[in-house]
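*Asks:* What would the 3D arrangement of this be:
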Amino acid sequence: MAFFGLSAATFVLAGLQLEWIPPGEGDSVALVLLAFSAPLQALAAVFALLARDAATAAGSGVLAGTWAATGATMLSSPPAATSGGLGLLLLVSGAALAAAVAAAGTAKLAASAVLLTASLRFVLTGVYELAGGTGWKTAAGVTGVVLAGLALLAATAFASGDTTGRPLLPTLRRTGPQPGHSGGAAAVGDTRSEAGVPRSCSTGGHRRRAHGGRGTATRPGGDAPGGRERLGARVPGHLWPGRSLGRLSVIELGWLAFLAEPWFVLPFYAVGFFGAVWVTWDAYHTNTPLKPAMRWAWPVIVFFFGPVGLALYLFTARAPGIGAADGEEEKQQRHNDYVLPNWFRRTTGSVIHCVGGDGVGIVTAMIMARVFGLSFWEEWWFEYLVGYLVGTLVFQYKAMSMHASSWPQAIYMAFRGEWYSMLSVMAGMGLVMGVVTPLAVTEQPDPDTYAFWGFAALGLFVGFVLTYPMNWLEIKVGYKHGMGRQH
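*Replies:* Residues are numbered from 1 along each chain as shown. Below you'll find the predicted structure:
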């Protein structure tokens, strides 16, 4: 995904730089970077992180952020204009990609060759943005075409190799010990150096109950059943197949165990429940300018986010003095004056609508997945599918029908807007499910535990944070409209 996205991004930008397409089509190129390449590479970065491939995760993340920033800058600038700020970013991105290659060593020579070429491509483009000149632009464009070819070849080689076991093209992968990774105990089978088994597993410690009344989980330095600790050890049906947390085990997230304790979960959701009841009443009796879809989404958000969700509602969606307004027209005017001029409030409304709709489907699917014992990736995709359908057909369609001329157009607009925002929401859910939860409480909790609901709220909140810039971009390009309406 990362290399296919990179190939498309660098090729269309090279076409603009080499004047194969007119400068006036820069907005179209920017949309390609934002809508196609950046999401693919961001998702690839999440997968690489979950697979414990830090170098690939860093490279894909840098590529995703750089293309997103490039597209956003092009959209906000006149055709053929240069940007000093973008130039500096490209220089830093080029250095970051080179650092990722150095960290990877010689384990993946084909991938390293692609990232080094991408580094050169960013540096040349950055110099052009800073200094101008057709020579630098042409050099960047030519390098971009070469990079597109290399990325396409590498993507084909890796995809065919992973699918059939016999790559159509050489991947130049090396399997022996790499620089910085010594053999020693791990090489001769010492289980203390096995991924997911901390070296301190033989030390004593204490055991604690982490799931609010079900099962046990161990903190770093503690003993697990069976005589040795396995922080993040795979629980059948929940963590990724055949893998453990490896080097991530050195991260201490035990302090997040309060999310599994009844003294936190019960009051938190009590505030969320009563807050959701009040928000529902307020939206239908006082804060009536809210769109119908927002009246559904806000109670969901307040329920899962508790006091944080309630604060967001009060400070972004409820205009001051709206209860004293005389009639619906004055209420609507106060709401518009409060929301429309402020990009933060408009974007927050879009994110609330997105996460509220997706969250209902995601948590429902999560409960079903844990009951039926799905594996990590089966659960992840099941949650994505259910969340996407619920968010699109129940929430997004209702909002888009106000702006579309027909129901087919409304469905198309709903699916288009939900696609990108859902990817970023599930990226946050995946990080919490696959990395944070195992490091905090060792295993994935079941729906009848306090830990399940505590970490479900955390996953949705991380998804909320990650999808915020995506929703801002979608409002900017017209895929979404945000909170507030003109009439």
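*Asks:* In this structure, where is pLDDT below threshold?
*Replies:* 103-109, 160-252, 394-405, 407, 410, 414, 417, 479-487 (pLDDT under 70).
*Asks:* residue ranges for the strands of it, please.
*Replies:* 207-208, 217-218 (DSSP state E).
*Asks:* and R318, what are its phi and psi?
*Replies:* phi -120, psi 110 (degrees, to the nearest 10).
*Asks:* thought it was touching T288?
*Replies:* No. R318 lies out of contact with T288 (CB atoms under 8 Å); the separation is 11.0 Å. Every C-beta, even on glycine, is put in place using the N, C-alpha and C of the backbone.
*Asks:* who are the neighbours in contact with G391?
*Replies:* G391 sits next to C354, G357, D358, V360, G361, E418, M422 when contact means CB atoms under 8 Å, 6 or more residues apart in numbering.
*Asks:* The second one: how many residues sit nearby?
*Replies:* When neighbours are counted by other CB atoms under 10 Å, G357 registers 32.
*Asks:* Quick check: G275 vs V339, distance?
*Replies:* Per CB to CB, to the nearest Å, G275 is found 20 Å from V339.
*Asks:* ok, now G26?
*Replies:* 31 Å.
*Asks:* Same drill for those two, tell me which one is more crowded.
*Replies:* V339 (23 against 20).
*Asks:* Who are the contact partners of the nearest residue to E379 once chain neighbours are set aside?
*Replies:* Nearest residue to E379, sequence neighbours excluded (CB to CB, 6 or more residues apart in numbering): A369, at 3.9 Å. Going by CB under 8 Å, 6+ apart, A369 touches E378, E379, F382, E383.
*Asks:* Kindly supply the ChimeraX command isolating those of these that are buried.
*Replies:* Buried subset of the contacts of A369, written as a ChimeraX selection, criterion 16 or more other CB atoms under 10 Å:
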select :379,382,383
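*Asks:* Could you dump the contacts of A369 into CSV and include distance to L86?
*Replies:* Output for the contacts of A369, formatted as CSV (distance: CB to CB, whole Å):
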residue, distance to L86
E378, 41
E379, 39
F382, 39
E383, 36
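*Asks:* Please name the residues that touch the residue nearest to G24 when sequence neighbours are not counted.
*Replies:* Using CB to CB, 6+ apart and skipping residues adjacent in sequence, the residue nearest G24 is P79, 5.2 Å away. Taking CB under 8 Å, 6+ apart, we find P79 in contact with P23, G24, G26.
*Asks:* burial count for the first one?
*Replies:* Put plainly, it is P23. 13.
*Asks:* what separates it from M74, distance-wise?
*Replies:* 11 Å.
*Asks:* circling back to that earlier point, take the contacts of G391 and keep only those in helices.
*Replies:* C354, G357, D358, V360, G361, E418, M422 (DSSP state H).
*Asks:* hang on, isn't T449 packed against A260?
*Replies:* Yes. Look at T449 against A260 with CB under 8 Å: they come within range, at 7.2 Å.
*Asks:* ok, those two, which is more surrounded?
*Replies:* Taking other CB under 10 Å, T449 and A260 do not tie; A260 has more neighbours (27 against 23).
*Asks:* For stretch 258-276, give me every contacting residue.
*Replies:* 210-213, 299-300, 302-307, 309-310, 440-441, 445, 449-451, 453-455, 457-458.
*Asks:* Would you mark the buried spots in that stretch?
*Replies:* L259, A260, E261, V265, F268, Y269, V271, G272, G275, A276.
*Asks:* Format those as TSV; extra columns: distance to G373.
*Replies:* Below are those laid out as TSV (distance: CB to CB, whole Å):
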residue	distance to G373
L259	23
A260	20
E261	25
V265	23
F268	27
Y269	25
V271	32
G272	28
G275	34
A276	31
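*Asks:* Distance-wise, check the residue lying farthest from the centre of the chain relative to A283.
*Replies:* Largest separation from the mean C-alpha position in the chain: D326, at 42.9 Å (CA atoms, centre = their mean). In this view, D326 and A283 are 19 Å apart by CB to CB.
*Asks:* what's the answer for A14, then?
*Replies:* 50 Å.
*Asks:* next one: G5
*Replies:* From G5 to A283 the distance is 40 Å (CB to CB).
*Asks:* Then A8?
*Replies:* 42 Å.
*Asks:* Comparing those two, which residue is more hemmed in?
*Replies:* A283 (23 against 19).
*Asks:* Count the residues that sit near the nearest residue to the more buried one once chain neighbours are set aside.
*Replies:* Leaving aside its sequence neighbours, A283 sits nearest to R295 (CB to CB, 6+ apart; 4.2 Å). For R295, the neighbour count with other CB under 10 Å is 16.
*Asks:* Repeat that for S76.
*Replies:* Neighbour number of S76 under other CB under 10 Å is 11.
*Asks:* Phi, psi for it please.
*Replies:* Dihedral angles for S76 - degrees, to the nearest 10 - are phi -90, psi 0.
*Asks:* Contact partners for it?
*Replies:* Here S76 is in contact with no residue (CB under 8 Å, 6+ apart).
*Asks:* Against G85, how distant is it?
*Replies:* 11 Å.
*Asks:* Repeat that for A457.
*Replies:* On the measure of CB to CB, A457 and G85 end up 37 Å apart.
*Asks:* count of residues packed around the closest residue to A44 other than its chain neighbours?
*Replies:* Spatial nearest neighbour of A44, excluding adjacent residues (CB to CB, 6+ apart): A2 at 3.8 Å. Counted by other CB under 10 Å, the residues lying close to A2 total 29.
*Asks:* Just confirm A2 contacts A45, I think it does.
*Replies:* Yes. Counting by CB under 8 Å, A2 does reach A45; the two are 7.4 Å apart.
*Asks:* Pretty sure G59 sits against G94.
*Replies:* No. G59 is beyond contact range of G94, at 11.7 Å (criterion: CB under 8 Å).
*Asks:* neighbour count winner among those two?
*Replies:* Each of G59 and G94 has its neighbours counted (other CB under 10 Å); G59 has more, 31 against 23.
*Asks:* Contacts only, for F455.
*Replies:* Per CB under 8 Å, 6+ apart, neighbours of F455: L259, A260, V432, M433, V436, T437, A440, V441, P445.
*Asks:* what's the burial count for K331?
*Replies:* 20.
*Asks:* Would you mind confirming that it is in contact with T288?
*Replies:* Yes. Taking CB under 8 Å as the definition, K331 is a contact partner of T288 at 6.0 Å.
*Asks:* For S93, see how far away the spatially closest residue to G463 that is not a sequence neighbour is.
*Replies:* In this structure, G463 finds its nearest non-sequential neighbour in G428, 3.3 Å apart by CB to CB, 6+ apart. Note on G428: its distance to S93, by CB to CB, is 23 Å.
*Asks:* Over to M413?
*Replies:* Applying CB to CB to M413 and S93 gives a distance of 33 Å.
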